[in-house]
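>>> Okay, structure incoming, though there's no sequence with it:
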Ligand code: CP
Ligand code: NVA
């Protein structure tokens, strides 16, 4: 594994290996066993979009590994004034040991990786959010003890989260059902990938998707970059909500996950959110452990 750009690039074995490393790092962190395995290494982090979890979990994780994180807002870089990503890649490759980037286009992340000489990690694009899905799989495995055969149901937009959940869950042997309003269509790359898996189901009806699910997951109706369409989306996504009624269709012991930030009474009710807050905040914590596994795999 040279980069961590999207889950389509990883094999099942590579995903499971990262989850195993993440579990070990979480154990060491909880038991105060030092693991400063990235001493002297620098991670450049470029943000073209807002972030709480990704920024803080990478920054704290890098410190825990003994390395040095550099947080760079794209608007402070010459990139924000038009310097090509290809030149940014070549320059950062001479100072740093890896780059994490959160931006709009997946192509930009792929270009950064192609033009630089150091590992690149995708911290979210419009197409994918692989770090989040690694943390989600870690959280599911912690709670359910294995992944094989479990059914995850995603309710909401055909966005970066849905794309990455479909790929990540199917690759590790889970089933995935997605309920998404008509007119919000998945990219062909994702549909082409998923069509080979019997365990994949796509519907416009949340009540069909949720039946017998082991995990219900959702995300905001309007992602970063879609803010201008928020009002329209509130109409289009009405009913695409994790609430008690939907939860009653899933398995009795179903988990509820949300990558956060959450909009209560939109994609999830406050009641369901609070009843599943332990799982949701464990998921947020696991971002740090999962990303430390990625950092070690790429830079260790
Ligand atoms: N889930 C997630 O990526 O959160 P942030 O946008 O706060 O980084
Ligand atoms: N789909 C959301 C995820 C936020 C972590 C977004 O892109 O804004």
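In hand now; what should we look at? Note that the structure is predicted; figures quoted are calculated from it, not measured. Ligands and ions are numbered 1, 2, ... in the order given.

>>> got the contact list for the nearest residue to residue 197 once chain neighbours are set aside?
With sequence-adjacent residues excluded and distances taken as CB to CB, 6 or more residues apart in numbering, residue 197 is closest to residue 170, at 4.6 Å. C-beta here means a position set from N, CA and C on the backbone, and glycine is covered the same way. Residue 170 sits next to 176, 193-194, 197, 199-200 when contact means CB atoms under 8 Å, 6 or more residues apart in numbering.

>>> Let's verify residue 170: helix, strand, or coil?
helix (DSSP: H, G, I helix; E, B strand; the rest coil).

>>> just to revisit the earlier point, can you pick out the most distant pair from the contacts of residue 170?
Farthest pair in the contacts of residue 170 (CB to CB) is 193 and 199. Separation: 12.6 Å.

>>> Out of the contacts of residue 170, which comes closest to residue 270?
Looking across the contacts of residue 170 and measuring by CB to CB, the closest to residue 270 is residue 176, at 26.4 Å.

>>> mind checking how far residue 133 is from residue 81?
Distance of residue 133 to residue 81, computed by CB to CB, to the nearest Å: 33 Å.

>>> Check what pLDDT the residue nearest the centre of the chain gets.
Geometric centre of the chain, nearest residue: residue 132, 2.2 Å, by CA atoms, centre = their mean. The model reports residue 132 with a pLDDT of 99.

>>> and it, what does it touch?
124, 161, 164, 259, 287.

>>> What about ligand 2: which of the residues you listed touch it?
When contact is defined as CB under 6 Å from any ligand atom, the contacts of residue 132 meet ligand 2 at 124, 161, 259.

>>> Run a quick check on residue 123 versus residue 48, I expect a contact.
No. At 9.9 Å, residue 123 does not count as touching residue 48 under the criterion of CB atoms under 8 Å.

>>> end to end, how far does stretch 72-86 reach?
Stretch 72-86 has an end-to-end distance of 17 Å (criterion: CA to CA, to the nearest Å).

>>> Report the buried residues of it.
For stretch 72-86, burial by neighbour count (16 or more other CB atoms under 10 Å) applies to 72, 74, 77, 79, 85.

>>> Let me know the distance separating the third one from residue 272.
In other words, residue 77. 40 Å.

>>> Residue 61 now?
Residue 61 is 29 Å from residue 272, where distance means CB to CB.

>>> before we move on, what about residue 239?
Distance of residue 239 to residue 272, given as CB to CB: 15 Å.

>>> between those two, which one's more packed in?
More crowded of residue 239 and residue 272, by other CB atoms under 10 Å: residue 272, with 21 against 14.

>>> is it fair to say the more buried one lies in a helix?
Yes. Judged by three-state DSSP, residue 272 forms part of a helix.

>>> quick revisit: briefly note if the helix or strand harbouring the residue nearest to the centre of the chain comes near ligand 1.
Taking DSSP states H and E as the criterion, residue 132 maps to helix 130-144. Yes. With CB under 6 Å from any ligand atom as the criterion, ligand 1 is reached by helix 130-144 at residue 132.

>>> starting at the chain centroid, how far to that helix?
9 Å (CA atoms, centre = their mean, to the nearest Å).

>>> C-terminal to it, what's the next element?
Downstream of helix 130-144, the first helix or strand assigned by DSSP H and E is strand 151-155.

>>> angle of that following strand against helix 130-144?
130 degrees (axes from the mean of the first three to the mean of the last three CA atoms, to 10 degrees).

>>> tell me what strand 151-155 is packed against?
Strand 151-155 makes packing contacts with helix 160-171, strand 175-179, helix 206-209, strand 215-218 when contacts are defined by 3 or more CB pairs under 8 Å, 6 or more residues apart in numbering; DSSP states H and E.

>>> and if we set it to 6 Å?
helix 160-171, strand 175-179, strand 215-218 (3 or more CB pairs under 6 Å, 6 or more residues apart in numbering; DSSP states H and E).
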